[in-house]
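# Return a 3D structure for these sequence lines:
(2 chains)
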Amino acid sequence: MKSLSLTLLLSAALPCVAAAAVPEYTLVIRNHAYQPATLQVPANTKFKLLVRNEDATPSEFESNDFNREQIVLPGTTATVFVGPLDEGRYTFFDDFHRATGNGALIAR
Amino acid sequence: MLGIALLVFREVLEAALIITIVAAATRGVSRRWAWIAGGTALGVAGAVIVAGFAGVIEEALNGTGQELFNASVLLAAVLMIGWHVVWMSSHGRELAQQMQTLGHAVKAGSSALTMLLVVVALAVLREGSEIVLFLYGMAAAGAGIGDLLSGVPLGLVGGVAVGCALYFGLLRIPLRHFFSATNGMLVLLAAGLASTATRFLVQADWLPALGTQLWNSSALLSNGSVPGQALHILIGYDARPSGIQIVFYLVTVLLLVAGMRLAPRLVTRHASPPAVASASS
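Here you go, the predicted structure:
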């Protein structure tokens, strides 16, 4: 019963994958650091964050402030949907490189 | 070295807490430690395989494969735990009585052992694959072998120690309340895992958020802190949950509690005794 209701919920949610007219923003990981370290994004809008890892080692894009985590393998681009966020500053980090991988989204 | 130890500790902690709860919930079941060890071994093997195919998983389904994979693993664990608590609701009392009269391990039905194997394996696989990718990256970036050989065991021992502490704490619960307590913990664990699965599905845009952030209790207890992370596993704590996470959390709790209430009535009385056959000894 439960798996059926889950399947129904998932299939009901599928159309929102197709209707993806959301703005896109890109972050690049280079030398275990985010570029840009501060990224302007629109407030109160869902957007798509593309995180491209140009290093030769895996990274984990993670944020406690906007509650996301995604491993980004070398040479690949991860897709993470974020928001809608209220206006403000939201930090994120690279869980595999805590010392160097830090940044923030500025929503306004 | 400390960075390595800390990351390993955090990942091991999550798996250790899950293993602790299912281990306590299956107290009295004979040969359960062998099944937990088997689940751990399967999980470690799975973690290495998943890490090896991480690129394939990441690129699947328009780049949302990783979220979907995580959500599937979490929901599979939710289903296994759900099945077990419903089964326990009709057989748990007999199990407790059996333990009190026999004073040693009993043979329970297949539900307990299957849950142990599957839930332990899934927990180790999910957290373990992250550790494997992290360590691979560290080694590739030229981390010293000494740092790896000291950091990894330190994190591992730390995470396992917290799990052991919780386990022996739980054992202090009187036997007549024991399975009610562990069943309650299993329900909250399952609800929390369902909520986390939902977060991944929102991240992949497969589910609407229904409110990105219903509340923000980060100032009290952040998701990034170790206590926040422990509570995240134990009761599904989230400092900034989306609306749909709350929906899945509550639906899981309601379904499991309803199942636990209804199952004992549906099980006919004459059919129940064989399910907890006495120990062979």
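# Residue B:212 reaches residue A:83, doesn't it?
Yes: assessed by CB atoms under 8 Å, residue B:212 is found in contact with residue A:83 at 5.9 Å. Using the backbone N, CA and C atoms, a C-beta is placed for each residue, glycine as well.
# Could I get the full set of helices for the stretch 151-281 of chain B?
Ranges of helices in the stretch 151-281 of chain B, per DSSP state H, counting those that start in this stretch, are B:175-203, B:226-235, B:243-266.
# For the last one, buried residues please.
By 16 or more other CB atoms under 10 Å in any protein chain shown, the buried positions in helix B:243-266 come out as B:243-249, B:251-253, B:255-257, B:259-260, B:263.
# The second one too?
Using 16+ other CB under 10 Å as the test for burial, helix B:226-235 gives B:228, B:229, B:230, B:231, B:232, B:233, B:234.
# Which neighbours do residue B:212 and residue A:83 have in common?
Taking CB atoms under 8 Å, 6 or more residues apart in numbering or on different chains as the contact rule, residue B:212 and residue A:83 both touch residue A:66.
# Please identify which of these two sits among more neighbours.
Using other CB atoms under 10 Å in any protein chain shown as the criterion, residue B:212 and residue A:83 rank with residue A:83 on top: 23 against 20.
# For the closest residue to the more buried one other than its chain neighbours, give me the backbone phi and psi.
Spatial nearest neighbour of residue A:83, excluding adjacent residues (CB to CB, 6 or more residues apart in numbering or on different chains): residue A:46 at 4.7 Å. Torsion angles at residue A:46 (phi, psi; degrees, to the nearest 10) stand at phi -80, psi 140.
# quick check: longest helix of chain B.
The single longest helix within chain B, with elements called by DSSP state H, is helix B:65-102.
# quick check, that one touching chain A?
Yes: for helix B:65-102 and chain A, the contact criterion (CB under 8 Å from any CB of the partner chain) is met by B:66, B:67, B:75, B:79, B:82.
# If you rank the residues you listed by neighbours, which is first?
Neighbour counts for the residues of helix B:65-102 next to chain A (other CB under 10 Å) peak at residue B:67, which has 28 neighbours.
# mind listing what the closest residue to that residue other than its chain neighbours touches?
Among residues not flanking residue B:67 along the chain, residue B:204 sits closest, at 3.7 Å (CB to CB, 6+ apart). By CB under 8 Å, 6+ apart, the residues touching residue B:204 are A:79, A:81, B:61, B:64, B:67, B:68, B:71.
# shaky segments in chain A?
A:1-20 (pLDDT under 70).
# quick revisit: I'd like the helices of the stretch 151-281 of chain B as CSV, with mean pLDDT and distance to chain A appended.
Conversion of those to CSV gives the following (pLDDT from 0 to 100; distance: least, CB to the nearest CB, whole Å):
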stretch, mean pLDDT, distance to chain A
helix B:175-203, 95, 6
helix B:226-235, 95, 9
helix B:243-266, 93, 6
